[in-house]
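Engineer: fold the following and give me the result.
(3 chains)
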Amino acid sequence: MPSFPALLRDDVTEAEAERLQGEFKARVQLRPLPMPRTATGVDIAYQTTSSAAAVAAAVTVAIPSMKLIETAQVAGSCPFPYVPGLLAFRELNLVSRALQTLDQPVEVLLYDGHGIAHPRRFGAASQLGLAFGIPSIGCAKNRFHGSMAGGLEAGRFATAPIRDDATGEVLGVAMRMQDNAKPVYVSPGHLADIASAVEIVKACAGGSRLPEPIRQADATARKHVRFFEE
DNA sequence: GCGACAG
DNA sequence: ATCTTGTCGC
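Structural biologist: Sure thing, here's the model as predicted:
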């Protein structure tokens, strides 16, 4: 059960959503997180770009074997529009419903989006982790807030810091999951720090560009979205 | 005013 | 995010 259900609402206005982020962002905690035994990836697949029909999936795998432990998926709607900075209000309601159908406890959440690498240091990964009081890590496919400092080497697991353009504060890292692959953007969500987040995402590396828990959640969600449409 | 803009 | 075939490469 979530500690802060308000962070999972999808029936708020944009103004209310921003107010909620401002109210809760200070409760995010960054600290070392010991290597967990499992990681749970979550993702959503939509039937249409702008519409609400979607399927959320949660997949728990063992670390470091990446063997499947449990998977859950739920179909529903995401009525809140996509607004840069407010992704949480579009996705977390459905995501939370998928999470609550898991039988096994969740040790750390890997979210397909940013954590503190966000204009208000409160991306969807942070909001999800805080809502449930569970450690979370953001792992996004594209940069959103901040810029990469310096160059990024070509090899697997090469990293480069992502820092706030105004303050210079390091918010996360860009990291290649495979040689020469486009990097993913890793930032702490909640109850983890940058170093821990990087080590955990590394431990979840498989053979693709995305960490295995997220790749599997993505695959599961789109498979079911397709099935529900037919 | 002109870009930038997670999914 | 999603619409989409073949094609280049490991």
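
Engineer: ranges for the strands of chain A?
Structural biologist: Here chain A has its strands, by DSSP state E, at A:38-46, A:53-62, A:68-77, A:109-111, A:136-140, A:147-148, A:159-163, A:170-175, A:184-190.

Engineer: could you give me the buried positions within stretch A:14-29?
Structural biologist: Buried residues in stretch A:14-29, counted by 16 or more other C-beta atoms under 10 Å: A:17-18, A:20-21, A:24-25, A:28. No exception for glycine: its C-beta is placed from N, CA and C like everyone else's.

Engineer: and what of stretch A:215-230?
Structural biologist: Within stretch A:215-230, the residues that qualify as buried are A:215-218, A:220-222, A:224-225, counting by 16+ other C-beta under 10 Å.

Engineer: ok, the residues you listed vs A:Ser51, which is closest?
Structural biologist: Using C-beta to C-beta, A:Val225 comes nearest to A:Ser51 of these, at 11.2 Å.

Engineer: for the closest one, what are its contacts?
Structural biologist: Neighbouring residues of A:Val225 by C-beta atoms under 8 Å, 6 or more residues apart in numbering: A:45-47, A:53-55, A:75.

Engineer: go on, A:Lys182?
Structural biologist: If you count contacts by C-beta under 8 Å, 6+ apart, then A:Lys182 has A:141, A:176, A:209 around it.

Engineer: next, format the residues you listed as TSV and append distance to A:Thr159 and pLDDT.
Structural biologist: As requested, those are arranged in TSV below (distance: C-beta to C-beta, whole Å; pLDDT from 0 to 100):
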residue	distance to A:Thr159	pLDDT
A:Lys141	16	96
A:Arg176	8	95
A:Arg209	15	95
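
Engineer: any chance of CSV for these, columns neighbour count and distance to A:Leu191?
Structural biologist: Output for the contacts of A:Lys182, formatted as CSV (neighbours: other C-beta atoms under 10 Å; distance: C-beta to C-beta, whole Å):
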residue, neighbour count, distance to A:Leu191
A:Lys141, 13, 23
A:Arg176, 21, 26
A:Arg209, 15, 26
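
Engineer: from those, pick the one nearest DNA strand B.
Structural biologist: Set against DNA strand B, the nearest of those by C-beta to the nearest atom of the strand is A:Lys141 (3.4 Å).

Engineer: circling back to that earlier point, out of the buried residues of stretch A:14-29, which sit inside helices?
Structural biologist: A:17-18, A:20-21, A:24 (DSSP state H).

Engineer: now the strands of chain A in TSV, with mean neighbour count?
Structural biologist: As requested, the strands of chain A are exported to TSV (neighbours: other C-beta atoms under 10 Å):
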stretch	mean neighbour count
strand A:38-46	25
strand A:53-62	24
strand A:68-77	17
strand A:109-111	29
strand A:136-140	30
strand A:147-148	14
strand A:159-163	19
strand A:170-175	23
strand A:184-190	28
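
Engineer: those strands: which one's closest to DNA strand C?
Structural biologist: Of all the strands of chain A, strand A:38-46 sits nearest to DNA strand C, with 3.6 Å by C-beta to the nearest atom of the strand.
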